[in-house]
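Colleague: A structural model of the following input is requested.
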Amino acid sequence: ALVRRCEFGNSSVGLVACAGAQIRCEDATMQGHDQAGLVLMGNSTLAELEGCMLSDCGVMGASLTSGARLVADGCSFLSNNQSGVGLSGRGGWARLRSCTLSDNGEHGILAAAEANAQVEECRIK
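Modeller: Residues are numbered from 1 along each chain as shown. Below is the predicted model of the structure:
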């Protein structure tokens, strides 16, 4: 699925991908959700984000569980109550390049339960 220049706002979750789904988001905004802007669940589930903003969510900008994968280039994860990006579960990974993770309540990036993160040229504050 391709999502380009769309705005998601003010719901429980902006966008959910699971069970091996593959999505690409370009220049999308996911803002003001009760839980997360983006939720990825399950092995082989992959989201590629480019130039997206995930902000002002009740828990996380992006949440990955159970082996889901995220590739984010030039994205902003801002002012989320807990974490900009949170990932957990064996096989789960995130690669963040040239991203800004700022003013999140507890963590810029939270990796737990055998998940891995690769972070390059990012601003985390």
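
Colleague: so C99 sits right up against D73, yeah?
Modeller: Yes. Between C99 and D73 there is a contact under C-beta atoms under 8 Å: 7.5 Å. The C-beta positions use only the backbone N, C-alpha and C, and glycine is treated the same way.

Colleague: neighbour-wise, which of these two wins?
Modeller: C99 (26 against 17; other C-beta atoms under 10 Å).

Colleague: what sits against that one?
Modeller: A72, D73, G74, C75, S76, F77, V119, C122, R123 (C-beta atoms under 8 Å, 6 or more residues apart in numbering).

Colleague: Who wins on neighbours among those?
Modeller: Going by other C-beta under 10 Å, F77 tops the contacts of C99 with 32 neighbours.

Colleague: what bridges to it?
Modeller: Going by DSSP bridges, F77 is paired in beta bridges with L54, L101.

Colleague: Count the residues that sit near Q22.
Modeller: Around Q22 there are 12 residues (other C-beta under 10 Å).

Colleague: bridging residues for the closest residue to it other than its chain neighbours?
Modeller: Distances taken as C-beta to C-beta, 6 or more residues apart in numbering place L46 nearest to Q22, at 4.7 Å, with adjacent residues excluded. Bridge pairing for L46 (DSSP bridges) gives the partners Q22, R69.

Colleague: same deal with the one 4 residues further on?
Modeller: Taking DSSP bridges, one finds E26, D73 as the beta-bridge partners of E50.

Colleague: same thing with M60?
Modeller: A36, S83.

Colleague: Surely it is in contact with S88?
Modeller: No. With contacts counted by C-beta under 8 Å, M60 stays clear of S88, the gap being 11.0 Å.

Colleague: Looking at the two, which is more packed in?
Modeller: Just comparing M60 and S88: by other C-beta under 10 Å the higher neighbour count belongs to M60, 28 against 17.

Colleague: Tell me the spacing between the more buried one and G91.
Modeller: 19 Å (C-beta to C-beta, to the nearest Å).
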